[in-house]
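>>> What follows is a protein structure lacking sequence information:
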């Protein structure tokens, strides 16, 4: 029988842990968020983060800018807010005229709790940072919460992106998993073999229905970290017909997403601890 991971319940569990940790900190964490434009999807993401912040006792600093904002203005805002915050989040995507890389690099690495800048990601990769990319951290937390063996287990990650594929591969390899990554450049025969042989499949490409039932074996663990829109609804990478063949599933929506927000705030608490050490 297929078990579905309750990402919201896991997020509440992490929320309780963090609230308790914050009560024992000498200062309350402060999160600054940079928001550009007026987009309903962005606003929904911001609202989720704000609710989580309020629930665990995190102070909220919000900086909003119009769609025609310049790169220089955003960088200056980050520099202005940095002395008053412990973590800074730049809500993506940014408008086309903005140099997103330059803006993300302006966030001090010790405050980049999203781990989006090259500097912060390199520190994560080299294990010189306490921060873990939130999506990858959420995936590992899910596997551990459901007692899924990782060491020496064949895992296939679909996609090599910086948000999901690459950091998840890095974390899994640290835990001793036998990780293989496939993408559009992987030959079809090899891709089919690596998917069919995997005991755990993690996907984060944003391609609806990418993984089909004939690509997997029975009792596989499926973690869907992809998000896209189809026929007016939020959907993941994994076709729902796959679920009946799986032993454990994190589906989109309601799986990885809520836990990812929780892991973002886990990084924020780590940032405050480092400051106070």
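Arrived safely, thanks for sending. Predicted model, so just to flag it, every value in this text is computed and none were measured. Residues are numbered from 1 along each chain as shown.

>>> so what's residue 108 up against?
82, 88 (C-beta atoms under 8 Å, 6 or more residues apart in numbering). (Glycine included, C-beta is placed from N, CA and C.)

>>> mind checking how far it is from residue 266?
18 Å (C-beta to C-beta, to the nearest Å).

>>> residues in contact with residue 88?
Here residue 88 is in contact with 31, 32, 33, 34, 78, 81, 82, 107, 108, 111, 112, 113 (C-beta under 8 Å, 6+ apart).

>>> ah, wrong one, I meant residue 22
28, 29, 56, 57, 58, 269.

>>> Flag every buried residue along the strand or helix carrying residue 123.
Using DSSP states H and E, residue 123 maps to helix 118-125. Buried positions in helix 118-125, judged by neighbour count with 16 or more other C-beta atoms under 10 Å: 119, 120, 121, 123, 124.

>>> Contacts for it next, please.
Contacts for helix 118-125 (C-beta under 8 Å, 6+ apart): 101, 104-105, 107, 109, 112, 115, 129, 131-133, 162, 167, 170.

>>> those helices in this structure, which residues are they?
Remark: helices assigned in the chain by DSSP state H are 7-23, 40-56, 71-81, 100-105, 118-125, 134-145, 165-174, 188-197, 256-276.

>>> angle of the fifth one against helix 165-174?
Interaxial angle, helix 118-125 versus helix 165-174 (axes from the mean of the first three to the mean of the last three C-alpha atoms, to 10 degrees): 20 degrees.

>>> go on, the last one?
The directions of helix 256-276 and helix 165-174 differ by 70 degrees, with the same axes, to 10 degrees as the criterion.

>>> What average pLDDT does helix 256-276 get?
Helix 256-276 carries an average pLDDT of 95.

>>> go on, the shortest one?
Mean per-residue pLDDT for helix 100-105: 98.

>>> How far off centre is that helix?
18 Å (C-alpha atoms, centre = their mean, to the nearest Å).

>>> That helix packs against which elements?
helix 71-81, helix 118-125 (3 or more C-beta pairs under 8 Å, 6 or more residues apart in numbering; DSSP states H and E).
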